[in-house]
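*Asks:* The amino acid sequence is not available; the structure is as follows:
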């Protein structure tokens with residue numbers, strides 16, 4: 001169950017981050033509300049996840065998949081450019097998370 005909650009926290013965080021881009025510096029009400037609600041949901045879910053899983057690997061997964069999700073969302077929703085170097089960077093971020101999790105100690 002903690003991994004389901006972590007997945008939902010990631011979805012909420014990516015949604016909030018993409019809404020942050022759409023808010024035009026908090027000048028648009030709808031996306032601005034999504035930013036606040038999305039981050040609140042994400043942090044609440046993360047707090048729940050951290051009652052059963054260790055903070056290092058959880059934060060690594062959350063931040064890495066959030067980064068990749070925001071990158072993909074930026075490309076799909078806002079037409080941001082994809083360069084080979086950015087794809088390599090995203091792969092390195094994901095590889096780093098895999099290496100961290102290979103170290104064990106995910107649950108406490």
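*Replies:* Arrived safely, thanks for sending. All figures in this text were calculated on a predicted structure; none of them were measured in a lab.

*Asks:* give me the low-pLDDT residue ranges for this protein?
*Replies:* Residues of the chain that meet the criterion pLDDT under 70 lie in 104-108.

*Asks:* which residue sits farthest out from the middle of it?
*Replies:* The outermost residue of the chain, judged by C-alpha distance from the chain's mean C-alpha position using CA atoms, centre = their mean, is residue 27 at 23.4 Å.

*Asks:* Report the secondary structure state of that one.
*Replies:* Reducing the assignment at residue 27 to three states with DSSP: H, G, I helix; E, B strand; the rest coil gives coil.

*Asks:* mind checking how far it is from residue 33?
*Replies:* In this view, residue 27 and residue 33 are 13 Å apart by CB to CB, to the nearest Å. Backbone N, C-alpha and C define where each C-beta goes, glycine included.

*Asks:* what does residue 39 give?
*Replies:* Between residue 39 and residue 33 the distance, using CB to CB, works out to 11 Å.

*Asks:* With neighbour numbers in mind, choose between those two.
*Replies:* residue 39 (17 against 12; other CB atoms under 10 Å).

*Asks:* after whichever helix or strand that one is part of, next one along is what?
*Replies:* When secondary structure is defined by DSSP states H and E, residue 39 falls within helix 29-49. Sequence-wise, the next helix or strand beyond helix 29-49 is helix 55-78, with elements assigned using DSSP H and E.

*Asks:* could you check the angle helix 29-49 makes with that next one?
*Replies:* Helix 55-78 and helix 29-49 meet at an angle of 160 degrees, taking axes from the mean of the first three to the mean of the last three CA atoms, to 10 degrees as the criterion.
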